[in-house]
Structure formats: structure tokens, C-alpha cells
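Asks: Okay, structure incoming, though there's no sequence with it:
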């Protein structure tokens, strides 16, 4: 499985607007699953998505498109980060 993390932040006073945009998000494609969304004070969010390895590119595009709608919220920032499991990272450096 491929994992994608989106880290986002916004000004505190924009939280209601961010929440309204979140509730209007379109449905994800069947191959893409939102595992969880975590929030911190700040405010900041961490959204974790999962997709089959053979759909990684498509998943990156879909996740990125979801966050474009937040452009209407002044001060909203996000970054999409593909993740790997520790076992895969260790294999890359010859330790697994």
C-alpha cells in the first residue's frame, strides 16, 4: 500500500471557513481511502490517505486536487507528502 500525508495549517480565525470547506469535499475514488485526519491546536491538520501501490500517481493527483478548494481560505497552507514504511526505507540503504 502507498500512504500519503497532507499537512495543513491556517489562521485560527479561519477555522469555521476551513470546516465548511471540509464538509463540502467531494467523495474519494474507490481506490483511495482516507485513513484518518488528526487536528492540533495551532491549528494544524494531518490527513493520512492510503491507496494501492499501482494507483500511487493517481492518488497523489486526487489528494492534491482535494486541497485546491482551500485556496478560498486566506492563509491556508498545505503540503502533500508521500510516505514509506520503515522496512522499505531500511531496504533502500541495505539494512533489510
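Replies: Cool, the structure landed. No experiment lies behind these values; they were computed from the predicted model shown. Numbering: from 1, shown residues only.

Asks: which helix is the longest one in the chain?
Replies: helix 56-68 (DSSP state H).

Asks: after it, next one along is what?
Replies: For helix 56-68, the following helix or strand on the C-terminal side (DSSP states H and E) is strand 77-83.

Asks: who's in contact with that following strand?
Replies: Here strand 77-83 makes contact (CB atoms under 8 Å, 6 or more residues apart in numbering) with 2-10, 56, 60, 63-64, 67, 70. For every residue, glycine as well, the C-beta is placed using N, CA and C.

Asks: Try it again at 7 Å.
Replies: The set of residues external to strand 77-83 that reach it, using CB atoms under 7 Å, 6 or more residues apart in numbering, is 3, 4, 5, 6, 7, 8, 9, 60, 63, 64, 67, 70.

Asks: what helix or strand does residue 38 sit in?
Replies: Assigned by DSSP H and E, residue 38 falls in strand 33-40.

Asks: Adjacent strands (with direction) for the following helix or strand past that strand?
Replies: Toward the C-terminal end, the helix or strand that comes next after strand 33-40 (DSSP H and E) is strand 44-51. Using DSSP bridges, strand 44-51 pairs in its sheet with strand 2-9 (antiparallel), strand 33-40 (antiparallel).

Asks: Compare those strands and give me the one nearest residue 26.
Replies: Taking CB to CB, strand 33-40 is the member of the strands paired with strand 44-51 nearest to residue 26, at 12.0 Å.
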